[in-house]
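Below is the sequence, then the predicted model.
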Amino acid sequence: MNRRAYPVFATLMVLVVTTGAVYLRSLPTGANMTQAARAYLATLPEEQKAISLMEYDTPQRVGWHFIPKDERKGLQIRDMNQAQRKAAFELLKTALSQVGYDKSRTIMELESILHELQKTRGGGAIRDPQRYYYTIFGEPNESGRWGLSIEGHHLSLNFVVEKNQVLASSPTFLAANPSVVKDEFPGMPPKGTRVLDQEELIAFDLIRSLSPEQRSDAIVADRAPREIRAAGEAEPPKYEATGLAYSRMNEAQQTMLQRLIQVYAGNLPPDVCAQRLAAIEQAGYDRVYFAWAGADRPGIGHYYLIQGPTFQIEFVNVQPDSAGNPASHIHSVWRDPRGDFAIPIAAQ
């Protein structure tokens, strides 16, 4: 993607919203996911199924994280044969839009670059594009409720499906290290690859467009935090009216903010994306806030938070990448302040 791509993408996402109800009736993502999950499980022998299939109510369903770990729940891609991997990636494809799928696969492939950059320091062994784990919670069927986790370093995707409808699709965590690939590595993502480009470029355009008065509301700290809030926690942060209100932006700024939100929502299939955007609309854009911390240019730590009653988006780029380039290591997440994992906050 390049800087001029986002208006086109935003237009596509507007079309998604206007046609979302029709799409939901004809090809619900939940039905596709249920079929794909059953097909994936059918490729597994009993010993692997025991690893990849858990009870819906297990506490592990709400355990998530994006850090590199020696062990995770579920069956890792490395332990799958070719047919199983094909079925696993088909399941990933049904759960995401094409854009979201491409981002996720590239995030996995960036592990190969991290392996090359870190192996001289003894940290390359855990960097592996096949160390991503699939876990299904409950039996996928058309009448019950089941969950899905696809997770590894810098990727955590979490879903709950009931009666062929996606009830929950958060936390949705995507990250990139490096944020921009600056060198050529044979057989790996090419130089110039920038997985989360629109998430950063549109936000820079927005913060730079603000007047001094608007910036005084939007900028909540001179230095960016090092990490997103509530990382790895089952309960999302509470909604708070922090930063610059959508209602205090001019029309061009409001359009940019909507485009930025659509980039995140657009990682999911059209019907689920439409659900997310419709929920924001119903709750009211007048309750949406944009907050910023840190620098407003690349190479220096920066952070933003966009939130309303039905969603929270966080983006942080503070850490250097594995080659030492400053502020070239992005973490981003979409959460639901009403409750992730289809668990209302009051019940947690």
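Here it is on my side, so go on.

dump the residue contacts of the closest residue to Gly192 other than its chain neighbours.
Counting by Cβ to Cβ, 6 or more residues apart in numbering, Gly192 lies nearest to Val181, which is 6.4 Å off, once chain neighbours are set aside. For glycine as for every other residue, the C-beta is placed from the backbone atoms N, C-alpha and C. Each residue near Val181 by Cβ atoms under 8 Å, 6 or more residues apart in numbering is listed here: Leu110, Ile113, Pro189, Pro190, Lys191, Gly192, Thr193, Arg194.

give me the element Val181 is part of.
Using DSSP states H and E, Val181 sits in no helix or strand.

Got phi/psi on it?
As for Val181, its main-chain torsions (degrees, to the nearest 10) stand at phi -80, psi 120.

PyMOL command for the buried members of the contacts of Val181?
Of the contacts of Val181, the buried ones go into a single PyMOL selection, burial set by 16 or more other Cβ atoms under 10 Å:
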select buried, resi 110+113+189+193+194
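
Tabulate the contacts of Val181 (TSV), appending pLDDT, secondary structure and distance to His65.
Below are the contacts of Val181 laid out as TSV (pLDDT from 0 to 100; DSSP: H, G, I helix; E, B strand; the rest coil; distance: Cβ to Cβ, whole Å):
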residue	pLDDT	secondary structure	distance to His65
Leu110	97	helix	18
Ile113	95	helix	21
Pro189	95	coil	23
Pro190	96	coil	29
Lys191	96	coil	30
Gly192	96	coil	30
Thr193	97	coil	24
Arg194	98	coil	24
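
between the contacts of Val181, which is closest to Met80?
Among the contacts of Val181, Leu110 lies closest to Met80 (Cβ to Cβ), at 20.3 Å.

Go ahead and confirm that closest one touches Ala176.
Yes: with contacts counted by Cβ atoms under 8 Å, Leu110 reaches Ala176, the gap being 6.5 Å.

Pull the contacting residues for Pro298.
Contacts for Pro298 (Cβ under 8 Å, 6+ apart) come out as Glu200, Phe204, Ala327.

isn't the second one right next to Ala295, touching?
The one in question is Phe204. No: Phe204 lies out of contact with Ala295 (Cβ under 8 Å); the separation is 9.6 Å.
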